[in-house]
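Novice: Please work out how this folds:
(chains A and B)
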Amino acid sequence: MKVGIILTTDNRSKAYIQKLIKNNIILDEIILMNSGNHEVKYSKEIIQKSLESGFDISISVLTTLKENNLKFHEFNFVDINNLKLIEYVKKSKINYYLFTGGGILKKDILTAGSKFIHFHPGIVPDYRGSTCFYYSIINENNCGVTSFVMDQELDTGDIIYQKKFVKPNHKYIDEIFDPFIRSETMIEVIQKDLIKKSKFLKQNKSDGETYFIIHPVLKHISIMNCIK
Amino acid sequence: MNKKYQYNEIDCLEFPQKYQMSVFEGNNFLIKYKKSRNKIIKKIKNEEIDIVNYFEQNYEVNKNEYLKIKKKECFETEKIFKFFLNRIFTNKLNLKHKKLINKFISKFEISKKIFMNYDYNIKTDSNNYKIMKNYLMLSLICMKIYEEENNLKYLNATLKINDVTTSNFNKILDKIDLILLKQSLELELKQIEILMNKKGLRII
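Specialist: All right, here's what the predicted structure looks like:
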């Protein structure tokens, strides 16, 4: 069973790769989708919060890869459905790719030969949708991550593992908390060998709730609920 | 940081808001939001109009429009929404109705538009998405369901629809439409306050 990872240059990927290294986890392949966007400069406060969450937001994915002499294949785009990536995946011998990005995978990439594992920031089926953790923080004062094998629909794939987290005590939800909870779950999935055990749980696709992108008013209530 | 509530400053139908990765501005943002909504509410005159009675009018016509879905025919959105509001005000909204309302919410959340006509699959070839009454009615439908269920999906949809309607306030001339807008904004503000109170938060 071979497992690889597809990284981008975002904060989530920074957390993923740094935590893999910290935990001495060596994957069979690393792909980096890099469209060459400039790195954002972060304040001391946010860097400190990221360090408390187990990664350094100020260090780029590329720097981490190079400084640790990790072999990787780089593409100059960020698009999981790109034809060049599909052709590459078709030739690879990887069974599962951990996919750090978002969006829906189209049929061509899903049938390229490898399966893709996503770490979704919500306990499915109750919380589907990319910003569902904000809703979960309002409703339940906590949130969770579901690791699942991706399919063509939104957050409906077979469940590998679910983990709950208490709400954060800071306001950097998108930048820090989201990468933190997803990367923590990824490490547990790998350390518990859950991919190789392949005991995945089927979802009933008609169950649960899909939450659309949260309105800024509700997002503010959710964040203020964390820092009150 | 913006000085004004920025999500209804420009026509949201012409330039739809995406709401992705919105920036956290703290309590000041909620003050701006409340101020913006109240400013519109104050501009609407109090009218003695019985909204419940309004949605009782032409009930059979609206019901027949709803039944077109079963017959796999195209329908007019306005009539269906009137039918739903009648069902809500008479406590007769059932699961089938709600399932269809959820489809309209999904359509709106994705396109940020509500079209004049749809087919039974809630697909459309209409180009007309500028009928304000449809947005006003869907907003009120969502608020009424949220009052019953407290499912944030409905409050979220209302907030976005009300950004559309308030960004087009100058184009809303019909008396009934203005009353619908006022009711929907007042309910939205009330529910936001209730939610914040539940969480131990206040707009200060």
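
Novice: what's near enough to touch the residue most central in space within chain B?
Specialist: What sits nearest the mean C-alpha location of chain B, by CA atoms, centre = their mean, is residue B:139, with 1.4 Å. Listed by CB atoms under 8 Å, 6 or more residues apart in numbering or on different chains, the contact set of residue B:139 reads B:157, B:158, B:161, B:162, B:165, B:180, B:184, B:188. For every residue, glycine as well, the C-beta is placed using N, CA and C.

Novice: Restricting to those, which residues neighbour chain A?
Specialist: residue B:157 (CB under 8 Å from any CB of the partner chain).

Novice: Closest one to chain A out of the contacts of residue B:139, please.
Specialist: residue B:157 (7.6 Å; CB to the nearest CB).

Novice: Give me the next element, helix or strand, following the longest helix along chain A.
Specialist: Longest helix in chain A, counting residues (DSSP state H): helix A:178-191. Next helix or strand after helix A:178-191 toward the C-terminus (DSSP states H and E): helix A:194-197.

Novice: buried ones in that next one?
Specialist: A:194, A:195 (16 or more other CB atoms under 10 Å in any protein chain shown).

Novice: For that helix, which helices and strands make contact with it?
Specialist: strand A:159-166 (3 or more CB pairs under 8 Å, 6 or more residues apart in numbering or on different chains; DSSP states H and E).

Novice: who does the strand it packs on touch, helix- and strand-wise?
Specialist: Using 3+ CB pairs under 8 Å, 6+ apart: strand A:159-166 touches strand A:142-149, helix A:178-191, helix A:194-197.

Novice: With mean pLDDT and distance to residue A:5 as added columns, please give the ones you listed in CSV.
Specialist: As requested, those are arranged in CSV below (pLDDT from 0 to 100; distance: least, CB to CB, whole Å):
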stretch, mean pLDDT, distance to residue A:5
strand A:142-149, 96, 13
helix A:178-191, 97, 9
helix A:194-197, 92, 12
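
Novice: Any idea which of these gets closest to residue A:136?
Specialist: Closest to residue A:136 of the helices and strands packed on strand A:159-166 is strand A:142-149 (CB to CB; 4.0 Å).

Novice: Which one of the helices and strands packed on strand A:159-166 lies nearest to residue B:29?
Specialist: When those are compared (using CB to CB), the closest one is helix A:178-191, at 20.0 Å.

Novice: tell me which residues in that closest one are buried?
Specialist: In helix A:178-191, counting by 16+ other CB under 10 Å, buried: A:178, A:179, A:180, A:181, A:182, A:183, A:184, A:185, A:186, A:187, A:189, A:190.

Novice: between those residues, which is nearest chain B?
Specialist: residue A:178 (10.8 Å).

Novice: shouldn't the closest one be in contact with residue A:131?
Specialist: No. Taking contacts as CB atoms under 8 Å, residue A:178 lies outside contact range of residue A:131: 9.5 Å.

Novice: about what we covered before: could you give the angle of the longest helix of chain A to strand A:159-166?
Specialist: With axes from the mean of the first three to the mean of the last three CA atoms, to 10 degrees as the basis, helix A:178-191 and strand A:159-166 are set at 130 degrees to each other.

Novice: could I get helix A:178-191 in CSV with only the CA atoms?
Specialist: The C-alpha trace of helix A:178-191 is given here as CSV (Å, rounded to 0.1, in the frame of the first residue of the first chain):
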residue,chain,number,x,y,z
ASP,A,178,-8.5,24.9,10.4
PRO,A,179,-5.0,23.7,9.5
PHE,A,180,-4.4,22.6,13.1
ILE,A,181,-7.5,20.3,13.4
ARG,A,182,-7.0,18.9,9.9
SER,A,183,-3.3,18.1,10.3
GLU,A,184,-3.8,16.6,13.8
THR,A,185,-6.4,14.3,12.3
MET,A,186,-4.1,13.4,9.4
ILE,A,187,-1.3,12.4,11.8
GLU,A,188,-3.7,10.2,13.8
VAL,A,189,-5.0,8.5,10.7
ILE,A,190,-1.5,7.6,9.6
GLN,A,191,-0.2,6.6,13.0
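
Novice: Alright, that wraps it up for me.
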